[in-house]
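Enquirer: need coordinates for the following:
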Amino acid sequence: MNRSTRPIGWVRAARKAFADFPADVQEDMAYAIAAAGGKADIAKPMKGLGSGVMEIALPYRDDAYRAVYVTEIAGSSWVVHAFQKKSKSGIQTPKHEIDLIRDRIRHLRAELSR
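Expert: Down below sits the predicted model:
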């Protein structure tokens, strides 16, 4: 890993879901998540979840894949959620996904502060 990238930590469930993404999507997302400064061109902040919570949404064929990560927890970027968006109505992240992300961030911060 060179100086322009940072380590990536994974919430286990997010890593498992991410492994099911197409290889091209995995490669593009992993590169973006490891980008210097924690914010790649294809990442955008997730509103309402605090500073440093970023989302990458990539279209692939007829599907949309998303990864949510937090920058700068314990010197790494942590992927807290990865999913294939199945809703065809709008681009907004469904509430149950937001609640899951919020819960995982809270648990991750508590676990790493021990």
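Enquirer: so what's the spatially most central residue of the chain closest to, chain neighbours aside?
Expert: Central residue of the chain (C-alpha atoms, centre = their mean): residue 68, 2.2 Å from the mean position. Among residues not flanking residue 68 along the chain, residue 81 sits closest, at 4.4 Å (C-beta to C-beta, 6 or more residues apart in numbering). To be clear about C-beta, it is placed using only N, CA and C from the backbone, and glycine gets the same treatment.
Enquirer: you'd agree the residue nearest to the centre of the chain is up against residue 80?
Expert: Yes: Residue 68 is in contact with residue 80 according to C-beta atoms under 8 Å; the separation is 5.6 Å.
Enquirer: since we're on residue 56, how many residues are nearby?
Expert: Neighbourhood size, residue 56 [other C-beta atoms under 10 Å]: 21.
Enquirer: following element in sequence after the helix or strand where it lies, please.
Expert: Residue 56 belongs to strand 53-60 when elements are defined using DSSP states H and E. For strand 53-60, the following helix or strand on the C-terminal side (DSSP H and E) is strand 63-73.
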